[in-house]
Each structure stands twice: as C-alpha cells, then as structure tokens.
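*Asks:* okay, predicted coordinates and the sequence, questions at the end:
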Amino acid sequence: MARSKYISTHGIILDKRLHRDERAISSVVLTSDLGKIDVLIRGARKDTHKWGASFEPLEGGEMILYPVGDRYVLTAFQVDTLPPVFVRKNPMLRMAIATLVDSSVMKDNESYAEWDTLVSFLHSKMAGKTAIAKFLLEYIGVMGYRVFMSGATCGICGKKYDGGVWYYTPYEGYLVCEECNVLHGVKLGTYTIAEDVLREIVKLKRVSWHYGDDFISEDAYRLILDRTFATIPVSEAVRHVFYSFGRKGG
Ligand SMILES: [Zn+2]
C-alpha cells in the first residue's frame, strides 16, 4: 500500500499574493513543525466560503497539505485562531505583525520558539500597546535579542539598579549605569531611561499573557520598538505602523 503524502500541521498565514492561476493565491505560512513554508491555495479567490477561511494575515488553524516540489498545496483548513480583537480592528497593524514575523523567520529553518511566541500572543488576553510590547519583547527574546539582557543590572559592570539616571543601549539590549556610561556611553549609542520606564519593562517581562491591564507607557513602548527594529530589518512603512499605534495611545 502506498503511503499517503498528506501532511497535517498547524499553520498561521503571514502573507498572501496573487498567483498566475487567477483563482489561486500563493501564501506564506508559519507552521508548528515545518517552519515557514509556501502554500498554494486553489480556488481561494473565487469561493472563500468553500474554505470557511479568509486567508487574512494571522489567521491560523489545522491544515492538511500535499507537498508538490518545494511548496505545498492546501487541501483542508480548519480555522481555530484569529488575532485579538484590537488587532482585528486595525488591519495595518495586523499586516505589520505578520510582516515582522515573515521578515525574521527564514524558510526551512527551525522556528518552534517563534511559533510558540506568536501563538501565545494570538491567544492572549492582553490589549493595546502592552500586548504589542509583550509580543515584541518575547519575540526578539527567543531570537536571542534580549531587552535588559541581565535584568535590572548594568550590562557592563553588573551593578544592580539603584535609582537615579541610567542609560539603555538598543543595539546591545542592556542597561548601563551612570559610571559606565561616562566611560562607554557614546560608543554604545545610549540614551537615558527613566526609572518608571525601567520598572514597566521589568514588570512586562514577568506578567503572563493573560494579564489584562494595559500599563505600558509611550516611552517604554518606544524603547521596545527601538530594540526590535535594531534587530529585525523591516520597511519604513511597517515601522511606522508600530510607532503610530503607540502614539494613538492604544
Ligand atoms: Zn556599570
């Protein structure tokens, strides 16, 4: 008996493009176990009702795929995941988050940690800037880019935060104490970080995905965006969506 080539996996749509077949779309999907893959969706432009799916960014669920060459053809899709309501209401933000993930995950690479973080975010109870900040903080963290690499201590000398004016370097991801900033600050491109911003970020690292309070300030949000875009290259348009979401106050 021939072995079936059908593959069952969980996937989240990151991007979709028109295909030369006028009824099909070509999509980019992040999966739970195959990494990032290209998926052809036949008939998706004509009868989405047949699929019960819209194939909009960040829509996810169980997919049955058939491998053809270096891509897959979708044969069934059971949608069970949608972005949080505040993201659904903001299509630009929805697209920007999907693009950020698409830009940072390489094809055919292991990406379990990125997958887990994206799924946690999509199922989280958080909202507003705090939710986006938490997602970015965790997401760049699993890619190896921490914000406050060593917690609330100086990344150079190890001293614990003692109040007062400290500094932050978006390129290295750590805090710098007053003394070390005098010695190394210019080289690191640091800027000052206020005590409340520092405490918000430390708190954000600790709270669970179900924490309901939208507490992140504009300054803390911007600091996390600066760190994110120092590590993940995306277009100016995508950056702008994230920064302007912050300015609107959630
Ligand atoms: Zn120091």
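*Replies:* Nice, thanks for sending it over. Numbers count the residues shown, from 1 in each chain.

*Asks:* residue numbers of the protein in contact with the ion?
*Replies:* Applying CB under 5 Å from the ion, we find that the chain lies next to the ion at 154, 156, 157, 177, 180. C-beta here means a position set from N, CA and C on the backbone, and glycine is covered the same way.

*Asks:* repeat that with 8 Å
*Replies:* Contact residues (CB under 8 Å from the ion) of the chain with the ion: 154, 155, 156, 157, 158, 159, 176, 177, 178, 179, 180, 181.

*Asks:* helix/strand/coil for residue 8?
*Replies:* Per DSSP: H, G, I helix; E, B strand; the rest coil, the local secondary structure of residue 8 is strand.

*Asks:* show me the contacts for it.
*Replies:* Taking CB atoms under 8 Å, 6 or more residues apart in numbering, we find residue 8 in contact with 62, 63, 64, 65.

*Asks:* how about 7 Å then?
*Replies:* With contact set as CB atoms under 7 Å, 6 or more residues apart in numbering, residue 8 has these partners: 62, 64.

*Asks:* circling back to that earlier point, export the residues of the chain next to the ion to JSON lines and tack on pLDDT and neighbour count?
*Replies:* Formatted as JSON lines, these follow (pLDDT from 0 to 100; neighbours: other CB atoms under 10 Å):
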{"residue": "154", "pLDDT": "89", "neighbour count": "21"}
{"residue": "155", "pLDDT": "86", "neighbour count": "22"}
{"residue": "156", "pLDDT": "88", "neighbour count": "20"}
{"residue": "157", "pLDDT": "91", "neighbour count": "12"}
{"residue": "158", "pLDDT": "90", "neighbour count": "10"}
{"residue": "159", "pLDDT": "91", "neighbour count": "14"}
{"residue": "176", "pLDDT": "87", "neighbour count": "24"}
{"residue": "177", "pLDDT": "88", "neighbour count": "21"}
{"residue": "178", "pLDDT": "87", "neighbour count": "15"}
{"residue": "179", "pLDDT": "88", "neighbour count": "12"}
{"residue": "180", "pLDDT": "88", "neighbour count": "20"}
{"residue": "181", "pLDDT": "86", "neighbour count": "22"}
